[in-house]
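# What follows is a predicted protein model with its sequence.
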Amino acid sequence: MKIRNLKHKICSVFMTLALAITLMAGFPAVNAYAASGSVYTCTVNRCYAHPVTGVIEDSGGEASYATGQGMVEGCVYSSGILEVTDSGEYYLTIRMSLMDYTSGHTFQVQNVGDSGWSTPSEIGVTGNGSDSNGSTADVCMRVPSENCVVRGSMYVEPMGRDVVFYVYPSDYKSGNSTDMNATMVTAASDSTAAQSSTDGNSTEAASSESGSTSSSTGTGASSLTSGSLSSGNSSLQSGSLESNTDTNSDNSQKTLQSSITEAAKPNSSTSDTESSTLNSAEGLSLSTAGESASDEGSSNSGSHIFQVSLAVVICGLILIGAVTGIVYLFRRNWSRWGGAEDDDEE
């Protein structure tokens, strides 16, 4: 009886293990497959005002432009990477600083010239590190093209409010010359490989595009998560990206550029109106001030004439008094000075 029970237990154990293996085989782990394409290093232009329209959406307004611009430049690095897959997807990676003092990061994207915004369908943190300002995070997001604008929003703890800012990529150079991870394009496209062998100067680009992302600040595409980012999907995976070198094999060969040659300054239409109103008010004040000055000048002129006249009168009286005194003195002493003898002789 005991032997039979032991056999049943052994059979149950084996059946349980077999069931577990079957379930594991039925739901395999999702792997992130590499997509072929090209990687470009780019300049990340940081703006407090919209780089095309000049509109400031942040509540600080135009009065806080200098402070806001400095804040954006302090929170976002000036270099990034753009990954372009052979199937036509674009992924922009930017590095955010001051992560210990900011939270609730959200991002929206648009092509230059569009009026609306869309949330990136794929977004995630691809690397973490630190600098003199604290923690940093590399944020990779899908963008509509290389000619795009990104709108960012985050809560800044020292300021106690949300801040809105903008960035846009430009000045593209082939290859990854940063320490950021190329998480989507981990295999060079055929045209890129051919061009690399011709140029002889793409060793660094080949290393980033062949999957050897040796940056010490992050991990590969298989472990991308959104972290504290609240927009987009919870993970970035390139497994759904199928390389299509037949239809879009010229992506790596085309010249990437942004149509924004210079970021627009803050929209000053409101300030111009206020300025003209102020100028009108000042003009009215100046004209009134002119009339007042004229009246005041007239009164001052009259007062001056009166003072001069009074001085002349006083001087005349003094002169008359002096002459009178001299005449009186001569008449009193005339006989003593011999004046009487002259009269007698005549």
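Ah, there it is.
# quick one: average pLDDT of stretch 128-137?
The average pLDDT within stretch 128-137 is 95.
# Over to stretch 39-52?
96.
# Can you list the buried residues in it?
Neighbour-count burial for stretch 39-52, counted by 16 or more other C-beta atoms under 10 Å, picks out 39-42, 44-52. Glycine gets a C-beta too; all of them are placed from N, C-alpha and C.
# In CSV, list those along with distance to residue 146.
Below are these laid out as CSV (distance: C-beta to C-beta, whole Å):
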residue, distance to residue 146
39, 12
40, 8
41, 12
42, 8
44, 13
45, 13
46, 17
47, 17
48, 23
49, 22
50, 18
51, 14
52, 15
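# so which two of those are the farthest from each other?
39 and 49 (29.8 Å; C-beta to C-beta).
# Return the residues in contact with residue 142.
When contacts are counted by C-beta atoms under 8 Å, 6 or more residues apart in numbering, residue 142 touches 89-92, 109, 120-123, 232.
# Ok, residue 43 next?
Applying C-beta under 8 Å, 6+ apart, the residues contacting residue 43 are 78-80, 169-171.
# Kindly report the same for residue 109.
By C-beta under 8 Å, 6+ apart, the neighbours of residue 109 are 117-120, 141-144, 148-151.
# Select only the buried ones of those in ChimeraX?
To isolate the buried ones among the contacts of residue 109 in ChimeraX, judged by 16+ other C-beta under 10 Å, type:
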select :120,141,142,143,144,148,149,150,151
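# Among the contacts of residue 109, which ones are in strands?
141-143, 148-151 (DSSP state E).
# Reformat those as JSON lines; add distance to residue 71 and pLDDT.
Below are these laid out as JSON lines (distance: C-beta to C-beta, whole Å; pLDDT from 0 to 100):
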{"residue": "141", "distance to residue 71": "21", "pLDDT": "97"}
{"residue": "142", "distance to residue 71": "26", "pLDDT": "97"}
{"residue": "143", "distance to residue 71": "23", "pLDDT": "97"}
{"residue": "148", "distance to residue 71": "22", "pLDDT": "96"}
{"residue": "149", "distance to residue 71": "18", "pLDDT": "97"}
{"residue": "150", "distance to residue 71": "16", "pLDDT": "98"}
{"residue": "151", "distance to residue 71": "15", "pLDDT": "97"}
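# need the residues you listed in a markdown table with distance to residue 99, can you?
Shown next, in a markdown table, are the ones in strands among the contacts of residue 109 (distance: C-beta to C-beta, whole Å):
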| residue | distance to residue 99 |
| --- | --- |
| 141 | 16 |
| 142 | 21 |
| 143 | 21 |
| 148 | 23 |
| 149 | 23 |
| 150 | 17 |
| 151 | 19 |
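# Can you pull the domain assignment for the protein?
35-274, 305-335 (automatic domain parsing).
# where among the ones you listed is the average confidence lowest?
domain 35-274 - the lowest mean pLDDT of these, at a mean of 78.
# okay, stretch 119-128 in CSV with CA atoms only?
This file holds the C-alpha atoms of stretch 119-128, laid out as CSV (Å, rounded to 0.1, in the frame of the first residue of the first chain):
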residue,chain,number,x,y,z
THR,A,119,1.8,61.6,-27.7
PRO,A,120,4.8,59.4,-28.7
SER,A,121,3.6,55.8,-29.3
GLU,A,122,6.8,54.5,-27.8
ILE,A,123,8.8,56.2,-25.1
GLY,A,124,11.1,55.0,-22.3
VAL,A,125,14.2,55.5,-20.3
THR,A,126,17.2,53.9,-21.9
GLY,A,127,20.0,54.9,-19.5
ASN,A,128,20.6,56.5,-16.1
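# Could I get the buried residue list for it?
In stretch 119-128, counting by 16+ other C-beta under 10 Å, buried: 120, 122-127.
# Give me the buried subset of the contacts of residue 43.
79-80, 169-170.
# Just give the nearest non-adjacent residue to residue 162, would you?
Using C-beta to C-beta, 6 or more residues apart in numbering and skipping the chain neighbours, the partner closest in space to residue 162 is residue 155 (5.2 Å).
# What's opposite the one you found in the beta bridge?
Beta-bridge partners recorded for residue 155 (DSSP bridges): residue 103, residue 162.
# if I pick it, what's in contact with it?
So residue 155 contacts 102-104, 161-163 (C-beta under 8 Å, 6+ apart).
# what's the closest of those residues to residue 70?
residue 163 (11.8 Å).
# ok, the closest one - contacts?
Taking C-beta under 8 Å, 6+ apart, one finds 58, 60, 68, 71, 153-156 in contact with residue 163.
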